[in-house]
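1. Okay, sequence plus prediction incoming.
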2 protein chains.
Amino acid sequence: MESFVLSEWLQQHVFIRDDGPAYLRLYDLIRRTILDGHLTAGARLPSSRSLAAELNIARNTVMRVYDQLTEEGYVHAGVGRGTYVEDISQDLVEPTVHEQTAQNHADDRTVPSRNLSRRGRVVLSHLGFSNVQAGAFMPGVPEVREFPLKVWSRIQNRLWRKDPWDLMRYAPAGGYGPLRQAISDYLGSVRSVRSSAQQVVMTTGIHQTIDVATRLLCDPGDTVWIEEPTYWGVRNLVLSSGLQPIPIRVDDEGIRPSEQDLARPPRMIVVAPSHQYPLGMVMSLARRRMLLDYARRVSCWILEDDYDSEFRYGSRPLSSLQGMDEDGRVLYAGSFSKTLCPGLRVGFLVAPEAVAEAFANAVAELYREGNMVHHAVLNEFIRGGHLGSHIRRVRRRYAERRTCLIEEIRRHFGDALDIVGDDAGLHLILALPDAVDDVVVVRDALQQGVVTRPLSTYYLDRAGARSGLLLGYAGVTPDEIRPAFDTLARVIGCYLQTMEPRGSALRSKTHWHTVTSAIT
Amino acid sequence: MESFVLSEWLQQHVFIRDDGPAYLRLYDLIRRTILDGHLTAGARLPSSRSLAAELNIARNTVMRVYDQLTEEGYVHAGVGRGTYVEDISQDLVEPTVHEQTAQNHADDRTVPSRNLSRRGRVVLSHLGFSNVQAGAFMPGVPEVREFPLKVWSRIQNRLWRKDPWDLMRYAPAGGYGPLRQAISDYLGSVRSVRSSAQQVVMTTGIHQTIDVATRLLCDPGDTVWIEEPTYWGVRNLVLSSGLQPIPIRVDDEGIRPSEQDLARPPRMIVVAPSHQYPLGMVMSLARRRMLLDYARRVSCWILEDDYDSEFRYGSRPLSSLQGMDEDGRVLYAGSFSKTLCPGLRVGFLVAPEAVAEAFANAVAELYREGNMVHHAVLNEFIRGGHLGSHIRRVRRRYAERRTCLIEEIRRHFGDALDIVGDDAGLHLILALPDAVDDVVVVRDALQQGVVTRPLSTYYLDRAGARSGLLLGYAGVTPDEIRPAFDTLARVIGCYLQTMEPRGSALRSKTHWHTVTSAIT
């Protein structure tokens, strides 16, 4: 045997990241090697004794790694002696039937496989977007019919009369300067975000922000904590960027990593502390401090998705996580898709000072974006105080609609079904007994012309998923809400009725809440 | 030694892709392992004899792989016996001084390293974009001052008076339907592109088109042929997507892969057959047939970047490569950045039928794009015949400006310097003797307020790079061209003068052309 043998090969791999305990590094290496397909199903791992000897580490360490990999389903003990790689191809590439059913509620989407890349097939087998973007009760959509067209076009026409040639060119790094300043000022006063204009980098929305953050800060194979459940876009962007999303459960105080989670620090944590999506809770102050402290200790990044915290009905919002960050670890992501309208495609990120220029350059280099016509109009719109007025106006509207929807729910179901996450935002969740398949309810409702989204599909780990319906109310008037909910209530009623004779538990409010918060 | 030894490990790696000859797979594996940092500098490879025995392949095969890796600088023969991994960290991560100088001509960009990802550092160390987007002689920029503001805002205001709420929402997959149809019709008549509206997928420009294509069609580690030299955006997008760009030289007929290149089929080929960037040649019919035939034989994709073929001064353009494709292998990428203006951020791709839905879904899922306000205006703009009129009008303007610039060049330098690629597009290349460092000339000119770009920085392999200046003329009037070129000529003159006394060869026109076409 030559000097270049397994031990050397593995040592090279294992000690790439020369931080952290050996067992974590070994665990990471083997798992990654399985995930990227280099170690295929059925391959036999060396015995713990021989691998320990070769790597000159304790045999206990290797056994601990093998145990963990076994527990997580990456390997299994074979007949007799030996540890073998599990077949995980199903998890990686092919869509499960459940997922396909869930996602295809709005249209007929197929997953072609001819010559597509593996990562392409992963993206296409987990589609979260919907072609339906209007009507009761599409969540995540603001009332675009309230868009201040007149003010907007007045500003636009005034700009265009002044030879706006520079707005017609490719944007400079970071985007249109005056808008970056206006956003920095606005966030400082409204969200306690601390930034200079140089830290504000224009993007086309949260998706692009997440994409550039994962590219600039994470390498393929790195792990990223995402909230469980979470916005579909996060999951697919993380996957398509070659990263491994780790679902971290949330309770009433927000994200709640277990001891086991904490022992394996990720490269980045994506959270929505102001308004968890889709469950709607606000991250507690204690949890925020814990998260910032942890990020500092393990040197990881936090991406704060603050997509719609402007819309609260009652309590004042907590200020941003970014504003509490003393260590330059938090990237703040926002957009005007919820406050104004999605069709503008204007979003932004606030980068820590040390990497702000890197982000500005990377967005310019990778996307060559910058719709400066919209940027310039938006700049004057914000500086003229129109954004603030618009938000106050539609917030009143949304509050009425929220009340109307809650009344309809109570009228049909009394207290039998829970309402979750209705303190803020553009939607609420109508919890269903877990025995009712929310995906089926959503499909049936759609056939009756009512759009909803099934809560269970927002979970990465379907085993722990809750059943429920996301009901958007911001984009529909009370006159649209009432008949649509009558229809929806009939569909739901069918499933509740068929349950009861069979004695299934129609879970009470207490039960649902108990389950969501009783995470050990 | 356990059963899980090097031979098994390597076999698993080597036979992932179970197609192609063993030497290619072994070569690919080892190179990739070096590139991604798993095999680090100084590591010793096993002897060819022992590795051949372990893998059960011919020793000649291993020796051939080692030879190739040695030739390409990945490994070197050590003192005495043995083959050792070369230190390639410089090539991968840190910017070379030359590159930094070249790219930083327009501003002061630094590459922070604190906690950025490896791929992030790669992107930032090869920045190609420029914050300067106006003035003589910025290439790649159309005359935005000719943008038909009045027509455009008339259409826009008319649309906005009609309650355009659907344009304010998130876009459906593929983008705004009527525009997809309008583009399909337009491309059919002007570029012989064969498509249905369903194959047209709206993007925000060529960058996003390349990005989604590399994600959907290529997996990390795959190779992508790019033209040498090529547009900076291609290189960095391919790199940041985890792919390996292989530079393929071009001659007067376009891309010209060598026998060695052909023996290693890529997963995708990115070409600009209508107008090579930046050299400006048109790909010959023979070369197009060869390329299509090759793609069919080896089952790879072709991405046709057709960014500005509308602007030709003299000969009629050849029709698109897509129009000749019988096998659904060509993706056609276009945008309105050159024909109208970059600030709109409207581009598109035409996908082969089999993957069209996949592309529409992936763009919606990954980017959640679709600036439907612009889409709807553009739709009416095209259907009203305004795009055609605008292109005809600015083409006359650009032709005058091109003539003016060529006259200035001849007036100052006679035939001493070559003009390359001036038949079409928005720029031409003023070739410099290779002894003159174009990066230095560009920097000096910028200090005098004249913007140009150094040709040599568009090459991936600097060893074979030519010296020259990209001079954009479309965005500047004759009155702006003349004084700017006087300044530029003085800068160039200094370098030519300092050369001649030392006897350096001021290469003749014939010589430059000979070199570019004499590729074996």
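-> Good, I have the coordinates.
2. What's the first helix or strand after the helix-or-strand element of chain A with minimal mean pLDDT?
-> Every helix and strand in chain A was compared by mean pLDDT, DSSP states H and E; the lowest is helix A:97-103, with a mean of 35. As assigned by DSSP states H and E, the chain's next helix or strand after helix A:97-103 is helix A:118-124.
3. number of nearby residues for A:T70?
-> Per other CB atoms under 10 Å in any protein chain shown, the neighbour tally for A:T70 reads 14. All C-beta atoms are positioned from the backbone trio N, CA, C, and that covers glycine.
4. who touches the residue lying closest to it once chain neighbours are set aside in this structure?
-> Residue nearest to A:T70 in three dimensions, not counting chain neighbours: A:H76, with 6.3 Å by CB to CB, 6 or more residues apart in numbering or on different chains. Residues near A:H76 by CB atoms under 8 Å, 6 or more residues apart in numbering or on different chains: A:T70, A:T83, A:Y84, A:E86.
5. Correct me if wrong, but A:H76 is in a strand.
-> Yes: secondary structure of A:H76 (DSSP: H, G, I helix; E, B strand; the rest coil): part of a strand.
6. who's it bridged to?
-> The partner list for A:H76 in beta bridges (DSSP bridges) reads A:Y84.
7. Now do stretch A:348-364: distance to the chain's middle.
-> 21 Å (CA atoms, centre = their mean, to the nearest Å).
8. if we can go back for a sec, of the contacts of A:H76, keep whichever come out buried.
-> A:T83, A:E86 (16 or more other CB atoms under 10 Å in any protein chain shown).
9. ok, so of the contacts of A:H76, who is nearest chain B?
-> A:T83 (9.7 Å; CB to the nearest CB).
10. pLDDT score for that closest one?
-> A:T83 carries a pLDDT value of 84.
11. wait, what's in contact with it?
-> A:T83 is in contact with A:R44, A:L45, A:Y66, A:T70, A:V75, A:H76, A:A77, counting by CB under 8 Å, 6+ apart.
12. The second one contacts A:E86, doesn't it?
-> What it means is A:L45. No: in this structure, A:L45 is not within contact of A:E86 by CB atoms under 8 Å, at 11.1 Å.
13. top helix in chain A by residue count?
-> Ranked by residue count under DSSP state H, the longest helix found in chain A is helix A:386-413.
14. anything in that helix near chain B?
-> No: Helix A:386-413 lies apart from chain B when judged by CB under 8 Å from any CB of the partner chain; the minimum separation is 12.9 Å.
15. Tell me which residues of that helix come out buried.
-> Neighbour counts using 16+ other CB under 10 Å place A:386-387, A:390, A:394, A:398, A:401-402, A:404-406, A:408-409, A:412-413 of helix A:386-413 among the buried residues.
16. do the same with stretch A:286-304
-> A:R287, A:R288, A:M290, A:L291, A:L292, A:Y294, A:A295, A:C300, A:W301, A:I302, A:L303, A:E304.
17. Need the residues that contact that stretch.
-> A:209-210, A:213, A:217, A:253-257, A:262, A:265-273, A:283, A:318, A:320-322, A:324-327, A:329-333, B:115.
18. switch to 7 Å and redo it
-> Stretch A:286-304 has contacts (CB atoms under 7 Å, 6 or more residues apart in numbering or on different chains) with A:210, A:213, A:217, A:253-255, A:262, A:265-271, A:273, A:320-322, A:324-325, A:327, A:329-333, B:115.
19. Same question for stretch A:401-415.
-> A:313, A:417, A:419, A:422, A:428, A:430, A:471, A:473-474, A:476, A:478, A:481-482, A:485, A:489, A:509.
20. of the residues you listed, buried ones?
-> Buried subset of the contacts of stretch A:401-415 (neighbour count, 16+ other CB under 10 Å): A:417, A:419, A:422, A:428, A:430, A:471, A:473-474, A:476, A:481-482, A:485, A:489.
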